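Participant: Kindly return the folded structure for what I paste below:
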Amino acid sequence: MSTRLVLLGLLKEKPLHGYEIKHIIESHMGDWTNIAFGSIYFALRKLTEENLVEEVSSEQRGNRPSRRVYCITEEGRNEFMVLLEELWAVPVRDYFPLDVGLFFMNQLPREKRISLIAGRIEGLRQTLKHLEEHRESTLANPLVPPVSDAIFSHTLYHLRAELAWLEGVEKSILEGQY
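Facilitator: As a prediction, the model looks like this:
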C-alpha cells in the first residue's frame with residue numbers, strides 16, 4: 001500500500017495535521033492498511049520536499065507540541081491521480097513470506113509442523129471472526145464510505161481462501177504427504 005497515495009488522497013479531501021491523518025487511518029482504514037504512525041510524518045516531510053503538499057499553518061493547544069497542518073498542492077493532486085491510475089492499471093503479483101517457511105517445512109519435526117500449522121489456522125480463524133464482527137460496526141458509522149464494504153469483502157475473501165489452503169496443507173501433513 002502506498003503511503004504516498006493514502007496521504008495525498010486524504011489531503012485531497014481537506015487540510016489535515018499528522019495526528020488527524022493517523023486517526024483517519026486507524027479508524028477507517030486500520031483493518032486493511034498497515035501504515036505506521038512514524039511513517040506518516042516521514043512521508044509528509046518527503047511530500048513537502050517534493051512540493052506535493054505544503055504546510056499551511058501550525059496549531060498549538062495548551063502545553064502540547066505544535067501541529068503542522070498540511071494541504072495538497074496542484075502538483076500533489078496530479079501525482080495522486082498518477083498513483084491511483086497506476087495502482088489500478090498495473091497488476092501486481094503478491095509474494096507470501098509463508099511460502100519460504102513451507103519450502104523449508106521438512107526441516108521441522110512432524111509434530112512441530114502439525115502444531116505450527118494448527119496454531120496458524122486458529123489465528124486465521126480468530127482474525128476472520130474479528131474482521132467479520134468489526135465490519136458490521138465499521139459500516140454502521142456514517143463517516144465510513146460505502147465502498148468500505150467492498151474493501152472488507154476483498155480482505156475476507158482472501159483470508160477465507162488462505163484458511164481453506166492452510167487446511168489442505170494441514171491435511172497433507174497429517175496424511176504424511178509433506
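Participant: what ranges of the chain fall below the confidence cut-off?
Facilitator: Applying pLDDT under 70 to the chain picks out residues 1.
Participant: go with 90
Facilitator: 1-2, 18-19, 23-39, 57-68, 90-94, 133-134, 136-146, 148, 176-178 (pLDDT under 90).
Participant: Helices along that one, start to end?
Facilitator: 3-13, 18-24, 37-49, 74-89, 97-103, 110-139, 148-174 (DSSP state H).
Participant: CA-only coordinates of the second one in PDB, if you can.
Facilitator: In other words, helix 18-24. In PDB, the C-alpha atoms belonging to helix 18-24 read as follows (Å, rounded to 0.1, in the frame of the first residue of the first chain):
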ATOM      1  CA  GLY A  18      -0.400  14.300  11.100                       C
ATOM      2  CA  TYR A  19      -2.500  13.200  14.100                       C
ATOM      3  CA  GLU A  20      -5.700  13.700  12.200                       C
ATOM      4  CA  ILE A  21      -4.300  11.600   9.400                       C
ATOM      5  CA  LYS A  22      -3.300   8.900  11.900                       C
ATOM      6  CA  HIS A  23      -6.700   8.900  13.400                       C
ATOM      7  CA  ILE A  24      -8.400   8.600  10.000                       C
END
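Participant: circling back: now tabulate the helices of the chain in CSV and tack on mean neighbour count and distance to Q60.
Facilitator: In short, each C-beta sits where N, CA and C put it, glycine included. Formatted as CSV, those follow (neighbours: other C-beta atoms under 10 Å; distance: least, C-beta to C-beta, whole Å):
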stretch, mean neighbour count, distance to Q60
helix 3-13, 19, 21
helix 18-24, 16, 13
helix 37-49, 15, 17
helix 74-89, 13, 25
helix 97-103, 11, 43
helix 110-139, 14, 32
helix 148-174, 14, 33
